[in-house]
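[1] Just the structure for this:
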Amino acid sequence: MTKNAIRRKKIKKKEEKNYTVKRNNLKIKKEVKVKEEKGKLANNGRMHRKKGKKEGKVKKENKSRTGATSGISGTTKGYTIGMKRQSKVAKKLGKKEYGSLSEKFKQIMNDENLSKSKRKKLIKEHKRKTVVENYDYYKKLRIYLNELLQTEDKLNKKKQIITLYNELKKIELIKFARTNLGYHILSALIINGEEDIQNKLWKTLYKNVSDISTYHFLSLLFQCFYKHGKNKQIKNDIIAWILKNPKLYFTKFASRLWDIVFKKLKTDMKIKIINLLIIPNINIYKSIPSEILKKKTKEMVNMLGEENKMLVKNYLIEIIENIVEKELLYNLVSHNIILVACEILKEEELISVMEIIHEGCEYLISTNVGNKALICLLGYSTNKHKKILIKTLKNNIIEMCKNSVNFLLIIRLIKITDDTKLLNDFIVKKIVNNFEDIFDDYYGFYVILEFFYSLNEYKEDKYFHVDWKNMIYANAVKSIKDGNKRKSEIIQPIIDKLHILFMDKNKLNQYLKDKKYIIIIFEFLLYTQNLQVLNNLFLLIEEIICSHKNEENIDEMYNCNNINVLFWKISSYPKSEDFLHKLVDDNSTFCEKLCNLVLSNLETVLKSKLIKTLNNLLNFAKEKDQNVYEQILACTGQVNIKEIYSTLKETFPKLTHFERFLELTNQKSLIKN
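    Okay, here's the model as predicted:
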């Protein structure tokens with residue numbers, strides 16, 4: 001080796017030595033920085049402690065905190081355990097075990113043969129093995145569970161169920177049932193197992209049924225028993241337990257079992273449970289005969305003495321406060337309790353109930369019972385309450401309009417909300433933007449119809465179901481605005497949309513085929529006095545006459561009966577005289593125009609279903625337009641009525657409407673033998 005080569009080698013060694021020193025110095029600096037940052041965090045923690053604590057306690061806490069550093073050094077590629085997580089693990093394991101665990105972590109992280117993901121996986125598994133008792137055993141159970149859920153063959157499934165059930169004998173079942181894994185394994189056995197296995201599990205677990213108020217997974221397990229139990233006795237045991245422990249309903253987890261059970265109970269059992277819930281103490285319960293407990297809650301309360309009645313009412317308000325506090329407003333049982341309150345409590349008490357529930361009242365719309373209760377309570381709500389509710393529901397207005405339960409709530413809000421700007425912005429605009437979709441829906445149709453009737457027009461609203469009417473027109477104590485004024489402020493966008501629809505003759509004809517739309521067309525014509533739409537009606541009658549002459553199938557294209565009914569409603573309405581006498585063309589009123597059309601095709605009209613429309617026109621003209629009436633009488637004398645009658649008699653056994661026509665035109669004697 002030459003001198004130059006030796007010199008180069010020495011220089012290279014010196015450079016490597018200097019590099020390692022620098023690298024070590026940098027590491028030391030980094031570790032010092034980390035310690036300084038931790039010191040700063042500790043100081044900040046001291047500054048933010050509560051003032052009321054003594055100095056001695058603070059010092060003790062400081063001492064206990066100073067030892068909390070990362071269990072793994074910086075040489076393990078920056079891997080650290082978080083301080084909070086570390087303290088939890090240390091508490092569970094103790095100092096010795098925790099030290100051995102951190103050493104194990106170091107070994108894994110220093111193993112160069114392992115990838116990053118493999119290191120993380122091994123650390124996670126070692127931690128679980130150390131912290132969780134019987135980790136390997138639980139892992140085996142999880143494998144058995146996966147095999148059970150994946151097998152489709154019935155014989156294999158039975159074997160897996162037996163294997164899994166036998167494995168569960170090795171552990172304390174009630175403690176295991178409180179865990180996530182325990183719930184999944186036991187629920188799989190209940191759902192897939194035979195009645196025998198269900199009964200064995202039930203006998204073991206039923207002893208601790210009261211724990212469902214404390215443990216979430218145990219509550220889910222008993223819900224699973226109720227849904228999938230093949231033995232009726234299991235369901236009966238659960239119902240019997242509920243009847244014995246009504247007050248446990250007011251716990252978060254137990255209430256979920258009540259909700260599942262309550263949905264499937266018969267009405268008399270539901271009433272009994274609600275009655276048990278609202279009885280304030282055991283003394284009142286003992287004084288009530290079992291027969292009275294089966295009666296409807298309102299009847300039961302009325303049978304109590306005045307003192308007990310007051311106790312029940314006060315307790316009912318306390319229960320509702322408890323329901324809101326425990327976040328149980330979603331529950332069907334809670335909805336029934338609130339509906340009972342609406343039936344029993346007085347006005348002032350209902351105002352306070354609405355004040356209690358208003359922040360979560362949107363949960364009531366999920367059930368029919370809750371919806372009824374909310375519709376009633378809205379009558380005692382302030383403008384602020386209604387505003388909060390409308391803004392909460394704003395994104396679901398379209399779906400609610402078409403829902404068999406919620407459409408009544410929308411109608412109720414339309415009828416009693418004084419803030420019409422709020423209604424227009426959040427309800428009316430949504431309806432208008434999806435108008436045809438709502439108008440063509442069975443329940444959505446009623447939402448549109450009820451815009452024509454204010455809160456004062458209960459009697460005029462003749463086409464709504466009585467039960468629905470009683471709900472939406474119920475007392476509204478807090479609603480101050482005049483009903484007609486409210487109606488006038490919100491109806492115009494609806495009128496504009498209806499006008500666009502009915503101006504299309506074909507669409508008008510489509511709606512006339514369905515009987516219920518006659519009502520809304522009639523209300524629209526009366527409210528707007530719109531002659532263009534009335535003229536479309538005239539054109540449809542003209543088309544029917546032409547089709548009849550051409551012997552086309554009229555019933556497929558038109559519904560003559562519905563057109564007759566609509567014209568009867570218009571002509572018989574007390575205020576329709578001015579409307580029908582308005583000029584449609586430059587020279588003639590609608591009444592005159594219709595009269596000319598009918599008389600020019602009298603024979604065709606008499607032989608068709610439009611004879612009802614002719615009779616309605618005769619009735620109207622006889623009372624309110626003598627000129628038209630005399631014109632019809634003069635024209636009927638020129639037609640061979642007797643021949644038409646005899647021809648029709650051969651086809652139809654009864655000619656009621658034709659005979660009515662003869663009566664109105666004083667020609668009854670023509671058909672007498």
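[2] Could I have the CA atoms of stretch 516-533 written out in PDB?
    This file holds the C-alpha atoms of stretch 516-533, laid out as PDB (Å, rounded to 0.1, in the frame of the first residue of the first chain):
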ATOM      1  CA  LYS A 516    -111.400  13.900  -5.300                       C
ATOM      2  CA  TYR A 517    -109.900  16.600  -7.600                       C
ATOM      3  CA  ILE A 518    -113.400  18.000  -8.300                       C
ATOM      4  CA  ILE A 519    -113.400  19.600  -4.900                       C
ATOM      5  CA  ILE A 520    -110.200  21.500  -5.500                       C
ATOM      6  CA  ILE A 521    -111.200  22.600  -9.000                       C
ATOM      7  CA  PHE A 522    -114.500  23.800  -7.500                       C
ATOM      8  CA  GLU A 523    -112.700  25.700  -4.700                       C
ATOM      9  CA  PHE A 524    -110.300  27.200  -7.200                       C
ATOM     10  CA  LEU A 525    -113.100  28.500  -9.500                       C
ATOM     11  CA  LEU A 526    -115.000  30.000  -6.500                       C
ATOM     12  CA  TYR A 527    -111.900  31.700  -5.100                       C
ATOM     13  CA  THR A 528    -110.500  33.000  -8.300                       C
ATOM     14  CA  GLN A 529    -113.700  33.400 -10.400                       C
ATOM     15  CA  ASN A 530    -111.400  32.400 -13.300                       C
ATOM     16  CA  LEU A 531    -113.400  32.400 -16.600                       C
ATOM     17  CA  GLN A 532    -110.600  30.900 -18.700                       C
ATOM     18  CA  VAL A 533    -110.600  27.700 -16.600                       C
END
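[3] Give me the residues contacting that stretch.
    445, 448-449, 452, 463, 491, 495, 498-499, 502-503, 508, 511-512, 534, 562, 565-566, 569-570, 573, 575-576, 579, 582-584, 590 (C-beta atoms under 8 Å, 6 or more residues apart in numbering). The way it works is simple: take the backbone N, C-alpha and C, and place the C-beta from them, glycine included.
[4] Can you give me the buried ones in it?
    517-526, 528, 530-531, 533 (16 or more other C-beta atoms under 10 Å).
[5] Which members of these are positioned in helices?
    Per DSSP state H, helices hold the following members of those: 517-526, 528, 531, 533.
[6] where does the residue most central in space within the chain land on pLDDT?
    By C-alpha atoms, centre = their mean, the chain has its centre lying nearest to S366, at 3.5 Å. Listed pLDDT for S366 reads 92.
[7] now swap in the one 5 residues further on and tell me
    We note a pLDDT of 96 for N371 in this prediction.
[8] these two touch, right, it and L408?
    Yes. The pair N371 / L408 is scored as a contact, 6.8 Å apart, by C-beta atoms under 8 Å.
[9] From D211, how far off is N640?
    93 Å (C-beta to C-beta, to the nearest Å).
[10] coming back round to it: now the residue nearest to the centre of the chain. Nearest residue, chain neighbours left out?
    Nearest in space to S366, with sequence neighbours left out and distances taken as C-beta to C-beta, 6 or more residues apart in numbering, is Y330 at 6.8 Å.
[11] now V340
    Distances taken as C-beta to C-beta, 6+ apart put T297 closest to V340, at 4.7 Å, once the chain neighbours are dropped.
[12] can you pull the buried residues of the helix or strand encompassing S334?
    When elements are assigned from DSSP states H and E, S334 belongs to helix 332-344. If you call a residue buried by 16+ other C-beta under 10 Å, then helix 332-344 has these buried ones: 332-342, 344.
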